[in-house]
Each structure stands twice: as C-alpha cells, then as structure tokens.
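Asks: Sequence and predicted model, in that order:
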Amino acid sequence: MSDINTTSVTATINEVDGDTRSLKTIMNRYFVPPKTIEYYKWGQAIVIFIFFGLMFIGILFAYVYANFTDYQNRISVITNAYLFGKDPEHKFEQYMRNSQGEIISTVMNDITSSAMNLETVNARLDSSASRLDTKVQTEVPKKYIESNSLGVSIQKNIAKCVKPT
C-alpha cells in the first residue's frame, strides 16, 4: 500500500543528502532549542527582573486593595483610587474633611493643654505669692524687732560711753 504522498520514516531519518528531512535537520528544527544565549546574554535576566518587578507591583496593589481603608488618606492612593474601584474626587473631598477635622481637633487639644498649663502656672504663682505673703508677715516684724532692739542697745552703749560732764 504505497502512496505517492507517503514517505518511509526510516528512509527519511537515514537520508544524508541535502534534503530538509534528514535526522540532523529534524532534530535541529524541532527538538534542539536555538542558541540565543550567545546573542542575548542579559535577555533572561532582564525578563526575570521584569517578571519579579511586575509580581511585586501586583502584590503591593493587592495589599492596598485589601486594606484600602487604611490607605485611603494617602494622596498617592487617592489620586489612583480609580484603580481600586473608587471615585478619586469623592475620596479627595473625604480626605479634606478628615484633614480639617484632624487639624481642628489638634488645635482644640493645643488650646486645652495651653489652658491647663496656664492653670498650673497660675496655681504655682498663687502658691508662691501666699508663701511670700506668709514669710513677709512673720519675718518683717521679727526683723524689725531685732533691728529696733539692736538700735536701742547701741544707743545705750553710746550713752554709757559718753558720760555727761
């Protein structure tokens, strides 16, 4: 049963002439990979770097997507909110409201802490003033008496030394 279009496999494999169906040409054409390493020495490394870079970006995207509420107040996420299925304009308005609320609460906390600091300083000044007042009321009369008695004793000593003639 030989057909004109049928070729014997053993005859094709064993052909040595310049025909394109020899074993060597079949192996080179279908089974042996081309030697691209000689021409593209950095090709594989570049492809690996690109692959890992894209994989890293994909992991970051998935992480931000899963934790969008934690990252929604960052400008870089707000500007790219459409990537996460959100409206950037709405998210920016929400960010501005949150920022205003945070600033107002910070200012109010500063005012409250300043008022508390003023109360503390006022209490310290009151305490110092009352201590000074107590000291003045007790120490001044005592010193007056001491200095007055000293003056009297000096006058007496002077009077003793100077006898009237």
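Replies: Yep, it's here.

Asks: quick one: D126 from T112, how far?
Replies: 21 Å (C-beta to C-beta, to the nearest Å). (Glycine included, C-beta is placed from N, CA and C.)

Asks: again with F68
Replies: 33 Å.

Asks: the more surrounded of those two?
Replies: F68 (15 against 10; other C-beta atoms under 10 Å).

Asks: For the longest helix seen in the chain, which helices and strands make contact with it?
Replies: Using DSSP state H to define each element, the chain has its longest helix at helix 88-161. Here helix 88-161 touches helix 75-79, going by 3 or more C-beta pairs under 8 Å, 6 or more residues apart in numbering; DSSP states H and E.

Asks: pLDDT averaged over the helix it packs on - what is it?
Replies: The average pLDDT within helix 75-79 is 78.

Asks: just the CA coordinates of that helix, formatted as PDB?
Replies: These are the backbone C-alpha positions of helix 75-79, laid out as PDB (Å, rounded to 0.1, in the frame of the first residue of the first chain):
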ATOM      1  CA  ILE A  75      -2.500  61.300  48.400                       C
ATOM      2  CA  SER A  76      -0.800  58.700  46.200                       C
ATOM      3  CA  VAL A  77      -3.700  56.300  46.800                       C
ATOM      4  CA  ILE A  78      -6.400  59.000  46.400                       C
ATOM      5  CA  THR A  79      -5.100  60.000  43.000                       C
END
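
Asks: for it, which positions count as buried?
Replies: Neighbour-count burial for helix 75-79, counted by 16 or more other C-beta atoms under 10 Å, picks out V77, I78.
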